[in-house]
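Student: Just to be clear, the model below is a prediction. Sequence and coordinates:
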Amino acid sequence: MNFTDDISIVLAGEAGQGIASIEKIVVSLVKNAHMHIFATKEYMSRVRGGVNSTSIRIASERVSAYTQRIDILIPLTGETTTHLAKRISKRTVIIGEKNDRYPGIIDVPFSDIAREAGNSLYANTVAAGMCAGLLSIDESILERTIRASFHGKDEHVVSANVAAGAKGYAAGRELSKTIRISIKPDSSVADDIILSGTDAIAVGAVAGGCNFVSAYPMTPSSGVLTALAGLSKTNDIIVEQIEDEVGALNMVLGAWYAGARAMTTTSGGGFALMTEAVSLAGMIESPAVILVSQRPGPATGLPTRTEQGDLDLVLHAGHGEFPRIILAPGDTAEAYELSRTAFDLADRYQVPVFILSDQYLVDTYYNIPKPDTARTPSSCVLRTDSSYRRFALTKSGISPRGIPGYGEGIVRVDSDEHDEDGRITEDLDVRNDTVQKRLSKFKAMKKDELPAVLIGPKKHSTLIVGWGSTKEMVREALTGIDDGKTAYLHCPQIFPFPVTAKRIIDAAKKFVVIEGNATGQFASLIHRETGRRADDAVLKYNGLPFSVEEVMASIQRVTKKRGKR
Amino acid sequence: MSYKKENIDIAWCPGCGNYPIRDMLDSALGELSIDRKNFVMVSGIGQAAKSPQYMDVHYFNCLHGRALPPATAIKAANPSLTVVVESGDGDMYGEGGNHFIHTIRRNPNITVIVHDNMIYGLTKGQASPTTMKSMVTPVQVNGVFNEPFNPLAVAISLDCSFVARANAGDKEETKEMFKRAIAHQGFALVDVFQACVSFNKVNTFKWYKDNTYYLEGHDTSDRIAAFRRSLETERLPLGVFYQHEKPVFEAELSCYRTDKRPLFQRTATAERIDAILDGYRGG
């Protein structure tokens, strides 16, 4: 068996069995060996039992997409093949402890080997060592990685794990005589960072000047809350876990009012409770940054799975009419950048800005070049004078934003309709002015529109349009198909719908949407904004992300059909 | 110096208890020499929640029941601000009940004045969480039978750091309670009995006069005694029930341990972000 330049290894087992510990060592190992790495996980909403899996790709060039294919499956105890049946092929090599459930398994007795090394508990380290051997990674890198992974533990634990890793390594070398894997190291990996979608959003927020977080935990958004809490001590961030999502966003608005740069993190169900405060942000023209990390609904839905089903919710949340911005990162580097940008956009236009992510994106990571950190946050807060009026009518619709305690002015904001001073009014002429003032920001916001990104040929016969985390799967699928006539349009800014996207869609011969939902929510938005209905749609809503293979098959299917123009 | 906004059209009924509460807050602020530039009022929705409109101060008039989360955030983002929340019984104890419980637990250094008239005024006379049993309203047509909410007992049970009850009819005593509440370090609750002249024909100014008395010889540091007194219903005690200073929310925040500047005076630097990102080199 030969695997060249790209291999997909899947670890599968029950929750709590230690998939994460093998994954951690393998990822570090591969990074230290300067090979490109990608990992994503799918898991059940339970603490013990069931079947969870982590898919790891190791490659000679950058990899950033989920593939369905499994080259090597390493099952821990428990039945995993039924759960993964659709991904296992005749080519899949299964390596693990001998087990009647897997007739063709290549027997590597991890526990027995670990026992020889000192303790059967170190079976996971044996498995990681075996991977190093299979990948022909230098044994000294394995030892260094294991030592780093167990840093801070008792020396006898560390050395026993090193011994377990070495025994696993020997088994891996033995296997490599028949399972030949050839991955070329790339020295550029050394300087790369490994950032998950979760980390990217959290660190991007800090780079955007985030210094206040108020949130209620909800999968799959809690990782960002946890990451920001972890960064809070060294970066002067106030992180408060509040009693409910209703309070969370209201707290965020209070924080901005007093000069903080605040965000909340949630998923669809939690966000549903925040909608009144979205409307309040619209009325008091408050900045806000809201992370909505999507999972399948309705209601509790599939708590740990992925979907792009809350675009309509985020687009329409909140009573009344007011502007908002919706950003949807397509990869981890973009997640960092959009999270950073969200704070400046919110501050500049005094509108709620959404970061629309999903479980797949937040739980996926791979090596990327370190983002540019030169752009630091620029605050629009103004020192007021005694003539200050918080909602002064201006041409752009944007009133300079003062805060209490900074300057001579008095800063009043009101959820009721209000005049330029922020006082309640029932003057219906004033009402006309303020509605127009708020909505006129749509025009001003065009200046900072994040352009849509075209991947593939400028002249194309089929234009695939999508958003969010689907991007990297489509990119790899297009590279695989390489037909020279299909392109992908990715929209990092979903709303206001970008003019750049409209132009490209207007000119497309045939356009097809790809979305992780059942009703084509982005297609509806495009129809509303361009008047054009999608010629076809590729939709997925079973809770798993699109795979490269599925996207390839879908593109081949839709490009064969004739377009309407 | 007055903190009131003069010569304005006020939406309250003539004779409403909201007027004396405004006057007493104004006097209390003046006697405490509160700096207007660093004073913020936060309110929810309802007739009481309109109070900031009639003051010449910074204010954040938010949504129904939601005054406490923003008030907590305002104080946390800039601890040098004095923050007073003013709202009604429906807003604070009904719609905002969950925030009421958890903000007491959080203990930000803010003052919460609740206009408690035992009725919904702005929506025209429905029962509030504090409406007494058997009162007939346009919605509770068979008379109220839910147990009335006891804000003082709830607050004391949560070890709220300052708990008082006042009567809008007693100007001097109420003003003094406001002063003590604002000066107190921690979450300070003042529940103020107040007549609704339009919609509550039972709990009138006279009713409050006849059915209340001031606590005397009560030890405000004795939580059990405070709790016992808060349960009295025959005649309702007024005064400070309980006072217990403990660390306030803002002081617990690590960002203020060594640096007292409010958040708006700080900024993220490229060096900091670089350092964070370098931590993700892995391997």
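Tutor: Done, it's in.
Student: any low-confidence regions in the stretch 451-565 of chain A?
Tutor: Residue ranges of the stretch 451-565 of chain A with pLDDT under 70: A:562-565.
Student: please redo it, this time with the cut-off set to 90
Tutor: Scanning the stretch 451-565 of chain A for pLDDT under 90 picks out A:560-565.
Student: All the helices of it, in order from the start?
Tutor: For the stretch 451-565 of chain A, the helices defined by DSSP state H, counting those that start in this stretch occupy A:471-481, A:499-507, A:521-530, A:548-560.
Student: Tell me which of those sits most buried.
Tutor: Mean neighbour counts were compared across these using mean count of other Cβ atoms under 10 Å in any protein chain shown; the top stretch is helix A:471-481, at a mean of 21. In short, each C-beta sits where N, CA and C put it, glycine included.
Student: Touching that helix from outside, list them.
Tutor: Helix A:471-481 is touched from outside by A:63-67, A:330-331, A:455-456, A:464, A:466, A:486-488, A:490, A:514, A:545-552, A:555-556, with contacts defined as Cβ atoms under 8 Å, 6 or more residues apart in numbering or on different chains.
Student: contacts with chain B among those, please.
Tutor: By Cβ under 8 Å from any Cβ of the partner chain, no member of the contacts of helix A:471-481 lies near chain B.
Student: So which residues on the stretch 251-400 of chain A come close to chain B?
Tutor: Residues of the stretch 251-400 of chain A that fall close to chain B, judged by Cβ under 8 Å from any Cβ: A:251-255, A:257-262, A:276-277, A:280, A:284, A:367, A:370-371, A:373-374, A:376-377, A:379, A:381.
Student: among those, which ones are buried?
Tutor: Burial by neighbour count, judged by 16 or more other Cβ atoms under 10 Å in any protein chain shown, picks out A:251-255, A:257-262, A:276-277, A:280, A:284, A:367, A:370-371, A:373, A:376-377, A:379, A:381 from those.
Student: Check A:Gly78 and give its pLDDT.
Tutor: Confidence at A:Gly78, expressed as pLDDT, is 67.
Student: avg pLDDT for stretch A:414-421?
Tutor: Per-residue pLDDT values across stretch A:414-421 average out to 98.
Student: Could you export that stretch as CSV, CA atoms only?
Tutor: Taking Å, rounded to 0.1, in the frame of the first residue of the first chain, the C-alpha atoms of stretch A:414-421 are listed here in CSV:
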residue,chain,number,x,y,z
ASP,A,414,-33.0,55.6,24.9
SER,A,415,-34.8,52.5,23.7
ASP,A,416,-37.8,54.7,23.0
GLU,A,417,-37.8,56.8,19.8
HIS,A,418,-35.7,59.8,20.7
ASP,A,419,-34.5,63.2,19.5
GLU,A,420,-30.9,64.2,18.8
ASP,A,421,-30.3,64.6,22.6
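Student: What's the local residue count around residue 94?
Tutor: I went with chain A, as the question did not name one. Neighbour count for A:Ile94, taken as other Cβ atoms under 10 Å in any protein chain shown: 20.
Student: The chain in question should be chain B.
Tutor: Neighbourhood size, B:Gly94 [other Cβ under 10 Å]: 18.
Student: What strand or helix carries the closest residue to it other than its chain neighbours?
Tutor: Nearest in space to B:Gly94, with sequence neighbours left out and distances taken as Cβ to Cβ, 6 or more residues apart in numbering or on different chains, is B:Pro129 at 4.7 Å. Here B:Pro129 sits in a region with no helix or strand, counting by DSSP states H and E.
Student: Export stretch B:200-212 to CSV, keeping only CA atoms.
Tutor: Output of stretch B:200-212 as CSV, limited to C-alpha atoms (Å, rounded to 0.1, in the frame of the first residue of the first chain):
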residue,chain,number,x,y,z
ASN,B,200,-54.2,51.2,42.6
LYS,B,201,-57.2,52.2,44.7
VAL,B,202,-56.2,50.0,47.6
ASN,B,203,-52.6,50.9,48.3
THR,B,204,-53.0,54.7,48.6
PHE,B,205,-50.7,57.2,50.3
LYS,B,206,-52.9,56.9,53.3
TRP,B,207,-52.8,53.1,53.2
TYR,B,208,-49.0,53.2,53.2
LYS,B,209,-49.0,55.6,56.1
ASP,B,210,-51.3,53.5,58.1
ASN,B,211,-49.7,50.1,57.3
THR,B,212,-46.0,50.9,57.8
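Student: And the residue nearest the centre of chain B?
Tutor: The centroid of chain B falls nearest to B:Val112 when counting by Cα atoms, centre = their mean (1.7 Å).
Student: who's in contact with it?
Tutor: B:Val112 neighbours (Cβ under 8 Å, 6+ apart): B:Leu68, B:Ala71, B:Val84, B:Val85, B:Glu86, B:Ser87, B:Met92, B:Phe187, B:Ala188, B:Leu189, B:Val190.
Student: Mind telling me what element the fourth one is part of?
Tutor: Counting by DSSP H and E, the element that carries B:Val85 is strand B:82-88.
Student: Can you read off the pLDDT for the residue nearest to B:Gly94?
Tutor: So B:Pro129 comes in at 97 (pLDDT).
Student: these two touch, right, it and B:Asp89?
Tutor: Yes. Proximity of B:Pro129 to B:Asp89 meets the contact threshold set by Cβ atoms under 8 Å, at 6.2 Å.
Student: average pLDDT for the longest helix anywhere in chain A?
Tutor: Longest helix in chain A by number of residues, with DSSP state H as the criterion: helix A:155-175. In this model, helix A:155-175 carries a mean pLDDT of 96.
Student: What residues of the following helix or strand past that helix count as buried?
Tutor: Sequence order places strand A:180-182 as the next helix or strand after helix A:155-175, per DSSP H and E. Residues of strand A:180-182 classed as buried: A:Ile181 (neighbour count, 16+ other Cβ under 10 Å).
Student: Strand A:180-182 pairs with which strands?
Tutor: Sheet pairing for strand A:180-182, assigned by DSSP bridges, gives strand A:2-4 (parallel).
Student: Give me the contact list for the strand it pairs with.
Tutor: Strand A:2-4 is touched from outside by A:Asp71, A:Ile179, A:Arg180, A:Ile181, A:Ser182, with contacts defined as Cβ under 8 Å, 6+ apart.
Student: got it, and stretch B:25-36?
Tutor: A:410, B:1-4, B:39, B:51, B:55-57, B:82, B:84, B:86, B:113, B:175, B:178-179, B:182-183.
Student: burial of the nearest residue to B:Phe227 once chain neighbours are set aside, as a residue count?
Tutor: Residue nearest to B:Phe227 in three dimensions, not counting chain neighbours: B:Ile156, with 4.8 Å by Cβ to Cβ, 6+ apart. Counted with other Cβ under 10 Å, residues neighbouring B:Ile156 total 25.
Student: Tell me where the model's unsure across the chain.
Tutor: No chain specified, so I'll use chain A. Applying pLDDT under 90 to chain A flags residues A:1, A:13-22, A:46-50, A:76-83, A:97-104, A:117-121, A:375-376, A:378, A:560-565.
Student: wait, chain B
Tutor: Low-confidence segments of chain B (pLDDT under 90): B:1, B:121-122, B:268, B:282-283.
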